[in-house]
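# dropping a prediction and its sequence here:
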Protein chains: 2
Amino acid sequence: MKRNVDRLSRHATSLGVTLRPHLKTIKSVDAARYVLENGNGPATVSTLAEAEVFARAGITDILYAVGISPDKLDRVVALHRQGCRLTVLLDCAAQAKAVAAASKTSGITIPAMIEIDSDGHRSGLTADDPALIEVGRILHEGGAELSGVLCHAGESYGAVGRTQQAICAEEERLAVVNSAAMLRKSGLPCPVVSVGSTPTAHAAQDLTDVTELRAGVYVFFDLVMAGIDVCDIGDIALSVLTTVIGHQAAKGWTICDAGWMAMSRDRGTANQRVDQGYGIVCDVAGTVIPGLIMIQANQEHGVIARRPDFGGAVPELPVGTRLRILPNHACATAAQHQRYHVIPETAGADLMTWARFGGW
Amino acid sequence: MKRNVDRLSRHATSLGVTLRPHLKTIKSVDAARYVLENGNGPATVSTLAEAEVFARAGITDILYAVGISPDKLDRVVALHRQGCRLTVLLDCAAQAKAVAAASKTSGITIPAMIEIDSDGHRSGLTADDPALIEVGRILHEGGAELSGVLCHAGESYGAVGRTQQAICAEEERLAVVNSAAMLRKSGLPCPVVSVGSTPTAHAAQDLTDVTELRAGVYVFFDLVMAGIDVCDIGDIALSVLTTVIGHQAAKGWTICDAGWMAMSRDRGTANQRVDQGYGIVCDVAGTVIPGLIMIQANQEHGVIARRPDFGGAVPELPVGTRLRILPNHACATAAQHQRYHVIPETAGADLMTWARFGGW
């Protein structure tokens, strides 16, 4: 985990941008201490509950990177009153009007970013959409703060290899840089130009005119990221510890006590080059056992079996054997658990426990 | 929810068997008060954490219906010492030996059921497997209590309609009844003969020689159960409340703030007759909006759009509109949340809050 955190931190520095880690993956104040270079932020979150917990823990610069709805603005204002500069995200006039109105009513100039779409993945305006200027003007002239533009190249999760991901990164960069230029040409401010997804953050070679970079799952990595060559399997820093509870010898099944409740239902590798089932099986020390994956999962049962194409020998795994499963998607798997059991840097030291939180 | 609970309760009574509700779906002491006819049990659980929480809440007859591993027996013994009769489940000699040894060491005669397989779904021995008698003998002669046999016809989730599910129910019944006969013929006791899955529990017409029935998801039901005709969509008692946060008009997308973190990644209807995406969209009052489903989900974003085959009109859903999403799989969706907000029976009364728990 430390190596993963250091890797992206160095890369952001080399590109001349501020790293604003997305804390939605870790959802843990204890873990955030190892992820943020400065305990006060900047940070990105995906829920107001995250913003509230991290604000209480002393993080004062938080971006809530999911489109704001008007009913949430009371909680946004409350966070500002508690000393947290919380920036909201939006992509339409209705949202901008609500943020402007809440700014006027509360007397707090709520900072807002406009979401830009580079790849049709999800939300956001394109740089040439006339709504961009309209939304910017509503914010800037209505009493809110137009902080800048933000893009998340979500389609990069389907881009295999550094070359393809670098193309996504450049599309992501151009989308926000062009949007910032449009706003400035119309006399509107655009101090922050923000990009990021774990694949594009690592692949980006040039972030000229970008000011900040966001990523989240890079802290732990997972099989989906390994499947598109953002990391190696050996970089995956999160696993689920499980125990063998039975066998169906005729089918070659070993049954363990980690089902989808422990792994999540995420099957993010299903459409990748190598389908990893519900995860890769390791021994208790974390060494991959060649040929074994979790082929199916019920609520509290995982079925471990040979990969369909594996012809080699696989070890006997008697009842009681402890194993580790590397997950498809760290955000989803971690969310199934209330705490992390953390191997400390000092060999032989006791495991640490980091609490997680959830909710909205 | 009350109607669902009453329906299966009446059916169990009519079949002359004891209902042992599976509390893995609700994972809530507050909810259990409405599910159990008797506050002391019987109940079924899927983790030792559930057994511990429900035992503290006064439930004294609990079946832990996931194969036991030797490392968990200390916690089993501790629950017995606290006054909870916890029955474990197993299907091999190694487990039986460990339970027998723990019984001798602790001085507590640990009750154990032997898991029987009727359909190749997951764990268990077939009625004609010589291991059945071996395992029974190890328990009975080794100091544990051979409580009986148990079967879960998990393949019934793939059986569409009452007729097919009744066939699964009869296979499930025959598997345990035949296994009980084999044990008794060998001079071994088999007082409890337990069957159950939500589809077979509802479809069973005759449970001669069976003593108890188990089911869990029937309390809430979900789209997977509706998709195989175990319930109607109007019986689904669990929904996720969400708010519209944006649109991509050109694609016909409405974006809401319930993503897979709120819905779970469960896509259990993907291979059913009607793929419901990540769920069916209702208005805030719970009335289905024809033609709209959640077609995709990111961590905190849901994309709502027309079903591919729907040609009718769909309503405008402005930013701020509140909606309810009916889930594919109630166990998985409920597990993403820390509490239920419960509509009381008395119209106009305040919502109740029922806490959930998780962990192992």
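Structure's in. What do you need?
# OK, contacts around the spatially most central residue of chain A?
With the centre of chain A defined as its mean C-alpha position, the nearest residue by Cα atoms, centre = their mean is residue A:216, 3.1 Å away. For residue A:216, the contacting residues are A:21, A:22, A:23, A:24, A:25, A:26, A:44, A:198, A:331, taking Cβ atoms under 8 Å, 6 or more residues apart in numbering or on different chains as the criterion. For glycine as for every other residue, the C-beta is placed from the backbone atoms N, C-alpha and C.
# residues making contact with whichever helix or strand the last one is part of?
Counting by DSSP states H and E, the element that carries residue A:331 is helix A:330-334. Outside helix A:330-334, the residues within contact range by Cβ under 8 Å, 6+ apart are A:24-27, A:216-217, A:219-222, A:236, A:238, A:240, A:262-266, A:268, A:327, A:340, A:356, B:260, B:265, B:299.
# please check the residues you listed and keep the buried ones.
Buried by 16 or more other Cβ atoms under 10 Å in any protein chain shown: A:24-27, A:216-217, A:219-222, A:236, A:238, A:240, A:262-266, A:268, A:327, A:340, A:356, B:260, B:265, B:299, out of the contacts of helix A:330-334.
# in the sheet, who's paired with the closest residue to chain B within the stretch 1-150 of chain A?
Closest approach between the stretch 1-150 of chain A and chain B, counting by Cβ to the nearest Cβ: residue A:67, at 3.8 Å. On DSSP bridges, the residues paired with residue A:67 through beta bridges are residue A:89.
# which residues touch it?
Contacts of residue A:67 were listed using Cβ under 8 Å, 6+ apart, and they are A:89, A:90, A:91, A:95, A:115, A:123, B:245, B:246, B:255, B:257, B:301.
# what helices or strands is the helix or strand where residue A:54 lies leaning on?
For residue A:54, the enclosing helix or strand under DSSP H and E is helix A:48-56. If you count contacts as 3 or more Cβ pairs under 8 Å, 6 or more residues apart in numbering or on different chains; DSSP states H and E, helix A:48-56 packs onto helix A:29-35, strand A:43-45, strand A:61-67, helix A:73-81.
# and among these, the most buried is which?
strand A:43-45 (a mean of 26; mean count of other Cβ atoms under 10 Å in any protein chain shown).
# hmm, who's touching that one?
A:20-24, A:32, A:36, A:51, A:54, A:59, A:61-65, A:214, A:216.
# how does it look with 10 Å?
Residues external to strand A:43-45 that are found in contact with it (Cβ atoms under 10 Å, 6 or more residues apart in numbering or on different chains): A:19-24, A:27, A:32, A:35-36, A:50-55, A:59-66, A:86-87, A:89, A:150, A:152, A:194, A:196, A:212, A:214-216, B:300.
# that older thread, ok, the contacts of residue A:67 vs residue A:305, which is closest?
residue B:301 (34.2 Å; Cβ to Cβ).
# any idea how far the closest residue to the closest one other than its chain neighbours is from residue A:222?
Using Cβ to Cβ, 6 or more residues apart in numbering or on different chains and skipping the chain neighbours, the partner closest in space to residue B:301 is residue B:259 (4.8 Å). Counting by Cβ to Cβ, to the nearest Å, the separation of residue B:259 from residue A:222 is 17 Å.
# do the same with residue A:3
Here the criterion is Cβ to Cβ. By it, residue A:3 lies 15 Å from residue A:222.
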